[in-house]
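1. Starting from these lines, generate the structure:
(one chain, ligands or ions: 1)
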Amino acid sequence: MCSCCNNESVRSDITLKVEGMSCAHCKKAVETSVGALPGIFKVEAEVSHGKVDVSFDPSKVKLDDIKKAIEDAGYDVKE
Ligand SMILES: [Cu+2]
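-> Numbers count the residues shown, from 1 in each chain. Modelled structure (predicted):
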């Protein structure tokens, strides 16, 4: 099966717990940092809940890379 017919199975959804986000700027910083990675379909930071929802293609980007992008932006990933 070609990759364009197989999109469903290569999409992974996760929610990470992230500490240190406190305002709209933090939300933007996390979303920009993660969004710059390859294979990211969607990233949404919820500052008030300390969560970041990410939809990604695991064949293009690893979970560790996503965590690292958040840490590089200056925040702590708890999970
Ligand atoms: Cu902030």
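
2. contacts, neighbours, all on C-alpha from now
-> OK.

3. How about the backbone phi and psi for the residue most central in space within the chain?
-> By Cα atoms, centre = their mean, the mean C-alpha position of the chain lies nearest to Val54, the distance being 3.9 Å. Dihedral angles of Val54 (phi, psi; degrees, to the nearest 10) stand at phi -130, psi 130.

4. and it, what are its bridge partners?
-> Ile14, Val43 (DSSP bridges).

5. If you count contacts, what does the longest helix along the chain end up packed against?
-> Using DSSP state H, we find that the single longest helix of the chain is helix 24-35. If you count contacts as 3 or more Cα pairs under 8 Å, 6 or more residues apart in numbering; DSSP states H and E, helix 24-35 packs onto strand 40-46, helix 63-72.

6. name the helices or strands packed onto the first one?
-> Helices and strands in packing contact with strand 40-46 are listed as helix 24-35, strand 51-56; criterion 3+ Cα pairs under 8 Å, 6+ apart.

7. rewinding a little: and the gap between the residue nearest to the centre of the chain and Asp64?
-> 13 Å (Cα to Cα, to the nearest Å).

8. Give me the common contacts of the two.
-> Contact with both Val54 and Asp64 is made by no residue, according to Cα atoms under 8 Å, 6 or more residues apart in numbering.
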